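Student: okay, sequence plus prediction incoming.
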Amino acid sequence: MALALAARPDAEEPWPQPFARDVLEGLGRAQKTLPAKYFYDEAGSQLFDRICDLPEYYPTRTETGILRDAAGRIAARAGAGCSLVEFGSGSSTKVRILLDAMDAPAAYVPIDISAEHMRSAASALRADYPGLDVVPMAADFTRAVHLPADLPGRRVGFFPGSTIGNFTPPEAADFLRQAGETLGEASLLVLGVDLRKQVGRLEAAYNDAAGVTAAFNLNLLHRMNRELGGTFDVAAFRHRAFFNPVESRIEMHLESLADQRVEVAGQGFQFGAGETIHTENSYKYSVDDLEALAGRAGWKVPERFTDTDGLFAVFCLTR
Ligand code: AVJ
């Protein structure tokens, strides 16, 4: 089916093609799976912003505190008139901490798959930083990105939030290598990474009492219903999140509560009771493992910053 779609690019096809292709491919596997990037439609991006404020979700506030403490040292490395490039910018909140500390930053290039969300964030930034050239790029940063050619100053990549945890370790190394090529010679990459820790703390962050993470996960079913003519009965699935210690990752799944058949993107899929769709991996690293991985991808780690509890780390990578 996916191949037939690809082979007939100008056929009447009502579904958005990359999404339909990935859904058909993912749901066709023995372990049904969906790429985590599809969480972030408008509703999902708003739910993610609410996750960041949850009491159980420590990464956002911990990283924000680290960035506040480290901003001066990062700014010193970046130098005057630099260009900041953010991978997966979302609502562009954390970048303000860097911008505020930097000496006359010249340009800010947010790259995000959620174009709407990014554009509203970009206009707010333009209003608050009149000297800053804000150049949003609606793109999937998991692929190669072509930056505007004439970005002034040192290029400073920013990849916060432990979004790198969505990649498997080999994919993460590929991403870091590719980011190095995108950013070019003498660039910097400020990378936020969630650290491995006690299981109870990790699992609580993905099973919040208010149910926002569950709504974020289940929104994928709503999205397939809205955009791909899906017939998912959302009440017949539940959110599951647990730590897999062998892979060192949080896994999120959507578990079918019954034997059921669902149509999506023009195809039928059977679900057994208890069968899951694997919707996300969120890898957790030790400082040493992350630094070894960055090294294999061609980056040096002259400086790193962590909170006193060792929950989260911000690495300052250089080429
Ligand atoms: C944006 C991938 C870092 O893995 O913690 C939050 C996404 N998923 N709660 C994470 C997420 C469920 C988040 N990342």
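Tutor: In hand now; what should we look at?
Student: low-confidence ranges, the chain, go.
Tutor: Counting by pLDDT under 70, the chain shows low-confidence ranges at 1-13.
Student: secondary structure element holding the residue in it that the ligand sits nearest to?
Tutor: Taking Cβ to the nearest ligand atom as the measure, the point where the chain comes nearest the ligand is S282, at 3.2 Å. Any C-beta I mention is one placed from the backbone N, CA and C, and that applies to glycine too. For S282, the enclosing helix or strand under DSSP states H and E is strand 276-283.
Student: ok, and what's touching that strand?
Tutor: Strand 276-283 is touched from outside by 26-27, 31-34, 36, 39, 162, 164-169, 172, 194, 206, 217, 220, 240, 247-256, with contacts defined as Cβ atoms under 8 Å, 6 or more residues apart in numbering.
Student: need the CA coordinates for it. CSV is fine.
Tutor: Provided in CSV are the C-alpha atoms of strand 276-283 (Å, rounded to 0.1, in the frame of the first residue of the first chain):
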residue,chain,number,x,y,z
THR,A,276,0.0,-1.9,21.9
ILE,A,277,1.2,0.8,19.5
HIS,A,278,4.7,1.8,20.5
THR,A,279,4.5,5.6,20.2
GLU,A,280,7.7,6.9,21.8
ASN,A,281,11.1,6.2,23.1
SER,A,282,12.8,8.6,25.5
TYR,A,283,16.4,7.4,26.1
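Student: next, count neighbours for S248.
Tutor: 16 (other Cβ atoms under 10 Å).
Student: which residues does the residue nearest in space to the middle of the chain contact?
Tutor: Closest residue to the average C-alpha location of the chain: T163 at 3.9 Å, with Cα atoms, centre = their mean. Taking Cβ under 8 Å, 6+ apart as the contact definition, T163 lies against F87, G88.
Student: name the residues of this structure found near the ligand, please.
Tutor: I51, P59, G161, S162, T163, G165, N166, Y206, T213, E280, S282 (Cβ under 6 Å from any ligand atom).
Student: could I get these as a markdown table with secondary structure?
Tutor: Supplementary listing: those in a markdown table, determined by DSSP: H, G, I helix; E, B strand; the rest coil:
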| residue | secondary structure |
| --- | --- |
| I51 | helix |
| P59 | helix |
| G161 | coil |
| S162 | coil |
| T163 | helix |
| G165 | helix |
| N166 | helix |
| Y206 | coil |
| T213 | helix |
| E280 | strand |
| S282 | strand |
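Student: state the pair within those that is farthest apart.
Tutor: T163 and T213 (15.8 Å; Cβ to Cβ).
Student: now do the stretch of helix or strand F243 belongs to against strand 276-283, angle only.
Tutor: F243 is part of strand 237-244, with elements assigned from DSSP H and E. Relative orientation of strand 237-244 and strand 276-283, computed by axes from the mean of the first three to the mean of the last three Cα atoms, to 10 degrees: 40 degrees.
Student: after strand 237-244 comes which helix or strand?
Tutor: Helices and strands here follow DSSP H and E; after strand 237-244, the next one along the chain is strand 249-256.
Student: and the helix or strand following that next one, which residues are buried?
Tutor: Beyond strand 249-256 in the direction of the C-terminus, DSSP H and E gives the next helix or strand as strand 260-264. Judged by neighbour count (16 or more other Cβ atoms under 10 Å), strand 260-264 contains these buried residues: Q260, V262, V264.
Student: so strand 260-264 versus strand 237-244, what angle?
Tutor: Using the same axes, to 10 degrees, strand 260-264 lies at 90 degrees relative to strand 237-244.
Student: direction included, what does strand 260-264 pair against?
Tutor: strand 267-271 (antiparallel) (DSSP bridges).
Student: tilt between the strand it pairs with and strand 249-256?
Tutor: Per the same axes, to 10 degrees, the angle that strand 267-271 makes with strand 249-256 is 100 degrees.
Student: how about the strands in the chain?
Tutor: Using DSSP state E, the strands assigned to the chain run over residues 32-33, 83-87, 107-112, 133-134, 137-138, 155-159, 188-194, 237-244, 249-256, 260-264, 267-271, 276-283, 300-306, 312-318.
Student: packing partners of the fourth one?
Tutor: Counting by 3 or more Cβ pairs under 8 Å, 6 or more residues apart in numbering; DSSP states H and E, the packing neighbours recorded for strand 133-134 are strand 107-112, helix 115-128.
Student: now the ones you listed as JSON lines including distance to G72 and mean neighbour count?
Tutor: Listed next are the helices and strands packed on strand 133-134 as JSON lines, based on distance: least, Cβ to Cβ, whole Å; neighbours: other Cβ atoms under 10 Å:
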{"stretch": "strand 107-112", "distance to G72": "19", "mean neighbour count": "24"}
{"stretch": "helix 115-128", "distance to G72": "20", "mean neighbour count": "15"}
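Student: tell me which of these sits nearest to S83.
Tutor: Distances from S83 to each of those were compared using Cβ to Cβ; the shortest belongs to strand 107-112, at 4.1 Å.
Student: alpha carbons of the closest one, as PDB, please.
Tutor: These are the backbone C-alpha positions of strand 107-112, laid out as PDB (Å, rounded to 0.1, in the frame of the first residue of the first chain):
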ATOM      1  CA  ALA A 107      20.000  35.800  13.900                       C
ATOM      2  CA  TYR A 108      17.700  33.100  15.300                       C
ATOM      3  CA  VAL A 109      16.700  30.200  13.000                       C
ATOM      4  CA  PRO A 110      14.000  28.000  14.700                       C
ATOM      5  CA  ILE A 111      13.400  24.700  12.900                       C
ATOM      6  CA  ASP A 112      10.200  22.900  13.700                       C
END
